[in-house]
Structures are given as structure tokens and as C-alpha cells.
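Undergrad: sequence plus the predicted model coming up.
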Amino acid sequence: MPIDNLQSTTTDPPSGIHINSLSHEFGRNESRVLALDNITLDIAEGEFVSLVGASGCGKTTLLDIMSGLLAPQSGTVLLGDTEPLAGRQDTARMFARDALLPWLTAAQNIGFSLATRNVIKEHREEMIMQLLREVQLEEFADAYPAQLSQGMRQRVALARTFSLKSKFVLLDEPFGALDAMTKINLQDQLVALWEGTSSTTVVLVTHDLGEAVALSDRIFVLSSRPGKIIANIPISLPRPRNVKELQSLPKYHELVASLWEKLSQ
Amino acid sequence: MTLDLKIIAGRFLLVFLWALVWEWTARTGALPPAFIGQPSIFLTKFFEHLVDGSFISASLITLEAVAVAFTVGALLALLTALVMTVLPILEKLFSPIIDALNALPRVALIPLFILWFGLGLIQKVASGVSIMYFILLSYTMAGAKSVDPDHLLLARSLGLSRSEIFLKIIIPSAVPAIFAGLRLGLIYTVLGVITAELIAGGKGIGTLVSYYSNTFDPNGVFATLIMLIIITSSLTAIMSRIEASVSKWRTPLNQE
């Protein structure tokens, strides 16, 4: 059962993500800008949460801090019971652009990330093919990124992110560059990948309110400059969800509209 | 496919027409054949020298210097780039000096090389290296800097160490630039070696050109130039082939 071995077996509390009075500034002296102002939030284990807000509200900064790419200046951040650290085995990060390595094939790109986790080599091949099947790209396993469309590349990046079987998955506007149809397809694949895991906590940064409502259990709305949490909205749509079907559900559109109102206040 | 063949046939036709006009100009004396040569004569001469082996042995002497200069220049450049990428302070220190040396027309150094190394192989190699080194160094440094910042973030988020990032991200990112530098550098290495031969003499192709020119034999010059074109075109073709085989990943499917 190598796949199970990947997840740390400790289930001791605290789990989930806990951020307490986090503030962050950029620049120095007179040109200082407060990017995040006293952020406090709790995300339960296994929850799918979105951070929405206008561009420049600091949502990517917040995600960078959770990924350990940026050190918090004040306040505390806990993923599970430890502080974030770049390269933590239980954290996976996905970027706005696909960030696929162009000299590696789709399968090799997934393998590249997988090699940083302790997965027995013999099982990697199998896991890679399984993931490519899940994002419907198995016949493109040996294709290079330059040979794939933008949507396909982002699907490979999605598979790569989930290949890590991390407890914490941090996504930074992963579908921002895609057209509406491709976007919905990928959102469904993301939901399927996440629902296929048992206790993966997902934090999605997005400026697409429809996407946030369709995917999340809860949405945090951030204000602009400085980034402050101005609303915490639970999304009570039933699961499992199908993003395509949601498009014709009145409740979904009501939620998007009320989110719009919150943001434009 | 048929279009490709038509274009190739068209190219041959162009060259043939050009030679025909040239031949006619020389035969009618519209331009003096003592200066412009005559295609029928220099083509015959080219094949004669090819068959009697004199062009081949001269080419081998030139190619020997090119091969040594290319290899030494490339290794030195890659080594310098490696050190400067690992220790950026060295790049800051040396880059103005390197830029200044690169701005110097290296051909002007050949008399100095002759003074230091004599008239043989080494001065030709020195001339080739002085050009090859700077071309490949600047291409490689540019390549190492062209790393996609997203790839570095990915590597950091995966917890790769500094040396792993260097080996698995920075070097592969620089490969296309390195090969572009090798291809361009090879042509310029030939330039450096031929120039050294023009100036210093010896037994290479460059020496033949200056010999025929000094003895008022334009047909000899053109016959030698044909040989030179064949050499440089073959070298470029080989390099392009190698470049294509290591950068398959850069070709989108529909352009294959």
C-alpha cells in the first residue's frame, strides 16, 4: 500500500490550517505597502476553501506564506501542527501558469515532482498513468508541453499537483488563463481529484467568483490594500458536485450574486 | 513535397543561370576574366584538386585547427559560465572586462599570437579560441539567466536543494542557448582559423586562398572558395542536426 504510506500517518490535532493575526508588508521605509492586515482564519482538515478578492488584495502573498515561499513577518501560520516550509512533504503548490518543464514529457513532468516524495520507484509509473487517466490525457503521456494546448498543460499541472498526495494543496489561480469551456472541464477534474482523496485540505486563490462558489465549502473575501478578511461565506451546495450541472442551478447563481455584493461593498 | 522539390530545382536553376551569365561575361570579355575568373575553368580546377587530394589535405589541416579551437574554446567557455553562475560575484567582477575583450576585433590579435606561438597550429588555434570562447560564454550566460521564474518557484516549493536546482532546472533551461552558441561559434571559429592562415601561411585552406590571390589566379581563389563553402555548410548542417536531436521538445506537433 505505497500510496497510503505517502500520507503522514499522524492524525493528532491540530489539523487543518490556522492563521492568527498575520500581517505582511512589502518594500521598505516610505515605500512600504501593507499587503496583509491582521489576517485570522481557520480552515478545517479536508475543507475546500477559496480566497477571493480584487487583484492586489494580497491573496497570492497569503498563499506564498502558506507554501513557505515567503516567511510571515508577524502573526502565526500553522499547517497541521507545524509552520509552513518550502519543500514540506505534505504541501503541494500549483501555479497560475502551468510551470511544466518544457524539456520533459507530460509523464516525466509528473515524475519529476513525484521523485521529490518518497514513493517507491516501481510504483511511480503506475501512479503517473493513473493520474493521466484521471485528467484524460493518457495518450499524451509522452508528449512535450509544447505539443499540448494550454488547457491540456494545465491538466498535466493539476495531475502533477495531486500526484504528491499532499494533505495541503495550495492553488494559485490555476485556471485563470483558460477559456470558459475548458475552465469548467478542468474545474470538474479538480473536484473529482479532490473528492477522490479523503482528507486533503485545498486552498484556492481565484478572482473568478463563479469558480469559487462552484468548488468551495467556504469562501473568504479579502478587501484590497491592505488585504483584510471582510467576509467568510459557507457554501451549502451539496456534494459530490458537478460544475457543469451547477451552471443551471438557481441557488448557485444566487450565491455568486451575493458574493458580488460582498465584494463591491 | 512536390513544392519542396520545385523549390530545390529552382535554387539549382538560379545558381546555374548565375554561372551562365558569369561564363558569358568572361568569354566575351565584357569583364576581364583575369580578374573575375571563369566558372568552367574554376569548376574544372576544383574537381582536379579534389581528385589529386591537395584540397583534401589542405582542408584537413584547417579542420584540425578548427576542431582543436572549437573544443578548447567550448570547454573554457562552459567552465567559465559554470563558475560565474555558481558564484555571481565573479560575474559582476569580470563582466565589464569580458565585454571589453569581446568588443575588441580579435583578428587584430593574430600578429601577437604569431609572435607568441610561431606560425604553426597553435597560433591558429589561439585565434579560433579567442573568438569561440566569447561567443559561447555570452550565449551560455544568457541561457542560464533565461530560466523561467515559475520553474524556480516550483523547484523551491518541491524542496529541491541549490545543487539540484542547478542541475535539474538551470542547466536544461540553458541547453537551447548553449547549442545556438555552439552553432554560431563553430562558424566563427572557422573564420578565426582561416584569417590566421591568410596572415601566417602554412598549408591550410586559408593559405591556398592567399596564394592564388597573390599569384593573380582568380580561378584558383574561386575553386578554393567552393571547397570552403562545402566545409562550412557541412559543419553547420551537422551542428543543426545535433541541435535538433537534443531539442525535440521545442517542436510543437503540427510543425514536425
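TA: That came through, no problem. Residues are numbered from 1 along each chain as shown, chains lettered A, B, ... in the order given.

Undergrad: and residue B:29, backbone torsions?
TA: For residue B:29, the backbone dihedrals (degrees, to the nearest 10) come out as phi 80, psi 20.

Undergrad: next one: stretch B:169-180, is it in contact with chain A?
TA: Yes - counting by Cβ under 8 Å from any Cβ of the partner chain, chain A has neighbours in stretch B:169-180: B:169, B:172, B:175. For every residue, glycine as well, the C-beta is placed using N, CA and C.

Undergrad: counting neighbours, which of the residues you listed comes out on top?
TA: Neighbour counts for the residues of stretch B:169-180 next to chain A peak at residue B:169, which has 20 neighbours (criterion: other Cβ atoms under 10 Å in any protein chain shown).

Undergrad: shouldn't residue A:230 be within a strand?
TA: Yes - going by DSSP: H, G, I helix; E, B strand; the rest coil, the assignment for residue A:230 places it inside a strand.

Undergrad: skipping adjacent residues, who's closest to it in space?
TA: Counting by Cβ to Cβ, 6 or more residues apart in numbering or on different chains, residue A:223 is the residue found nearest to residue A:230 once chain neighbours are left out, at 4.8 Å.

Undergrad: go on, residue A:176?
TA: Looking at residue A:176 with Cβ to Cβ, 6+ apart, the closest residue is residue A:96, at 5.5 Å.

Undergrad: can you confirm that neighbour is in a helix?
TA: No - the secondary structure assignment for residue A:96 gives coil rather than a helix, going by three-state DSSP.

Undergrad: residues in contact with it?
TA: Going by Cβ atoms under 8 Å, 6 or more residues apart in numbering or on different chains, residue A:96 touches A:172, A:173, A:174, A:176, A:177.

Undergrad: TSV for these, including secondary structure?
TA: Shown next, in TSV, are the contacts of residue A:96 (three-state DSSP):
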residue	secondary structure
A:172	strand
A:173	coil
A:174	coil
A:176	coil
A:177	coil
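
Undergrad: select only the buried ones of those residues in PyMOL?
TA: To isolate the buried ones among these in PyMOL, judged by 16 or more other Cβ atoms under 10 Å in any protein chain shown, type:
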select buried, chain A and resi 172+173+174
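
Undergrad: farthest-separated two in the contacts of residue A:96?
TA: A:172 and A:177 (11.9 Å; Cβ to Cβ).

Undergrad: could you measure from residue A:227 over to residue A:61?
TA: 7 Å (Cβ to Cβ, to the nearest Å).

Undergrad: picking up where we left off before, just give me the neighbour total for the residue nearest to residue A:230.
TA: One way to gauge burial is a neighbour count; for residue A:223, by other Cβ under 10 Å, it gives 17.

Undergrad: again, but for residue A:245
TA: Other residues near residue A:245 number 11, with proximity taken as other Cβ under 10 Å.

Undergrad: the one 5 residues further on now?
TA: Counted by other Cβ under 10 Å, the residues lying close to residue A:250 total 7.

Undergrad: need the pLDDT of it.
TA: The predicted local confidence for residue A:250 comes out at a pLDDT of 85.

Undergrad: give me phi/psi at it?
TA: Main-chain dihedrals, residue A:250, degrees, to the nearest 10: phi -60, psi -40.

Undergrad: got the residues of the stretch 51-200 of chain B near chain A?
TA: Counting by Cβ under 8 Å from any Cβ, the residues of the stretch 51-200 of chain B near chain A are B:148, B:150-151, B:153-154, B:156-160, B:168-169, B:172, B:175.

Undergrad: between those residues, which sits nearest chain A?
TA: When these are compared for distance to chain A, the smallest value, 1.8 Å, is given by residue B:159; criterion: Cβ to the nearest Cβ.

Undergrad: where do the helices sit along the chain?
TA: Let's take chain A. Listed in chain order, the helices of chain A (DSSP state H) span A:2-6, A:59-67, A:106-114, A:121-134, A:150-163, A:180-195, A:209-215, A:243-246, A:250-264.

Undergrad: wait, I meant chain B there
TA: Here chain B has its helices, by DSSP H, at B:2-28, B:33-36, B:39-51, B:54-86, B:88-103, B:110-117, B:121-145, B:149-157, B:162-165, B:171-200, B:205-214, B:218-246.

Undergrad: residue A:71 is nearest to which of those helices?
TA: Smallest distance to residue A:71 across the helices of chain B (Cβ to Cβ): 12.7 Å, for helix B:149-157.

Undergrad: tilt between the closest one and helix B:171-200?
TA: Calculated by axes from the mean of the first three to the mean of the last three Cα atoms, to 10 degrees, helix B:149-157 forms an angle of 130 degrees with helix B:171-200.

Undergrad: now do helix B:149-157: which elements does it pack against?
TA: Packed against helix B:149-157 by the contact rule (3 or more Cβ pairs under 8 Å, 6 or more residues apart in numbering or on different chains; DSSP states H and E) you find strand A:91-94, helix B:162-165.

Undergrad: mind checking how far that helix is from the chain centre?
TA: Helix B:149-157 sits 36 Å away from the centroid of its parent chain (Cα atoms, centre = their mean, to the nearest Å).

Undergrad: phi, psi for the residue nearest to residue A:176 please.
TA: Dihedral angles for residue A:96 - degrees, to the nearest 10 - are phi -60, psi -50.

Undergrad: what's the spacing between the residue nearest to residue A:230 and chain B?
TA: Between residue A:223 and chain B the distance is 26 Å, computed by Cβ to the nearest Cβ, to the nearest Å.

Undergrad: okay, now the closest residue to residue B:132 other than its chain neighbours: neighbour count?
TA: Distance criterion Cβ to Cβ, 6+ apart; nearest residue to residue B:132, sequence neighbours excluded, is residue B:73 at 2.9 Å. Burial of residue B:73, expressed as a neighbour count using other Cβ under 10 Å, amounts to 28.

Undergrad: hang on, residue B:73 packs against residue B:189?
TA: Yes - using Cβ atoms under 8 Å, residue B:73 is in contact with residue B:189, at 6.6 Å.

Undergrad: give me the common contacts of those two.
TA: When contacts are counted by Cβ under 8 Å, 6+ apart, residue B:73 and residue B:189 have B:128, B:129, B:131, B:132 as shared neighbours.

Undergrad: ok, the residue nearest to residue B:63 when sequence neighbours are not counted to chain A distance?
TA: Residue nearest to residue B:63 in three dimensions, not counting chain neighbours: residue B:231, with 7.0 Å by Cβ to Cβ, 6+ apart. In this structure, residue B:231 and chain A are 32 Å apart, going by Cβ to the nearest Cβ.

Undergrad: now do the same contact list for residue B:231.
TA: For residue B:231, the set of contacting residues under the criterion of Cβ under 8 Å, 6+ apart consists of B:59, B:62, B:63, B:190, B:205.

Undergrad: chain neighbours aside, what residue packs nearest to the last one?
TA: Right, the one you point to is residue B:205. Taking Cβ to Cβ, 6+ apart as the measure, residue B:205 lies nearest to residue B:62, with 4.4 Å between them; neighbours along the chain are not counted.

Undergrad: give me the number of residues near the one you found?
TA: Counted with other Cβ under 10 Å, residues neighbouring residue B:62 total 25.

Undergrad: so it touches residue B:191, yeah?
TA: No - in this structure, residue B:62 sits apart from residue B:191 without contact. The criterion is Cβ under 8 Å, and the distance is 11.4 Å.

Undergrad: next to chain B, which bits of chain A? Give me the list.
TA: A:67-69, A:86-89, A:91-93, A:95, A:97, A:99, A:101-105, A:112-113, A:116, A:143-147.
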